[in-house]
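Chemist: The following block contains a protein sequence and its predicted model.
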Amino acid sequence: MQKFKLVRGMDFFSANTNSQKRWSERTKPNFFGFTGDSGQSWELFIAMANATNRDVWLNVPVQADDDYIRKLAQLVKYGMEAGCCSLQHRN
């Protein structure tokens with residue numbers, strides 16, 4: 001990852017097939033294994049970005065409600081140590 005400054009989470013979050021609507025439906029950070037259409041946890045991706053000092057490009061599930069997006073924004077605001085975050089609501 002050394003040659004990349006920005007890491008995109010599209011496939012990490014299964015953006016094209018992720019049907020999550022509510023924050024409670026997201027993949028939790030304690031999940032271990034394959035997630036299929038749900039993707040991995042936001043917390044894991046942010047931890048990876050912090051550990052590697054990379055900016056992130058997050059793909060929000062298309063059906064996510066306003067509360068989901070608000071809580072994701074709060075997680076990024078308080079969870080990212082440095083760097084930039086871009087949010088994309090559709091692929």
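Modeler: Good, I have the coordinates. Numbers count the residues shown, from 1 in each chain.

Chemist: excluding its backbone neighbours, what's nearest the residue nearest in space to the middle of the chain?
Modeler: Residue closest to the mean C-alpha point of the chain, counted by C-alpha atoms, centre = their mean, is Trp42 at 3.8 Å. Leaving aside its chain neighbours, Trp42 sits nearest to Leu75 (5.7 Å; criterion: C-beta to C-beta, 6 or more residues apart in numbering). (C-beta placed from N, C-alpha, C; glycine too.)

Chemist: Also Phe45?
Modeler: In space, Phe45 is closest to Gly9, 5.3 Å off (C-beta to C-beta, 6+ apart).

Chemist: what's near enough to touch the one you found?
Modeler: By C-beta atoms under 8 Å, 6 or more residues apart in numbering, Gly9 lies in contact with Ala15, Phe45, Val56, Trp57, Leu58, Asn59.

Chemist: and Val56, which of the three is it?
Modeler: Counting by DSSP: H, G, I helix; E, B strand; the rest coil, the backbone at Val56 sits in strand.

Chemist: how close does it get to Lys3?
Modeler: According to C-beta to C-beta, to the nearest Å, Val56 and Lys3 sit 16 Å apart.

Chemist: Among those two, which residue is more densely surrounded?
Modeler: Taking neighbours as other C-beta atoms under 10 Å, Val56 and Lys3 compare with Val56 leading, 22 against 4.

Chemist: Which residues are in contact with that one?
Modeler: With the criterion set at C-beta under 8 Å, 6+ apart, Val56 makes contact with 6-9, 45-46, 49, 76, 80, 83-86.
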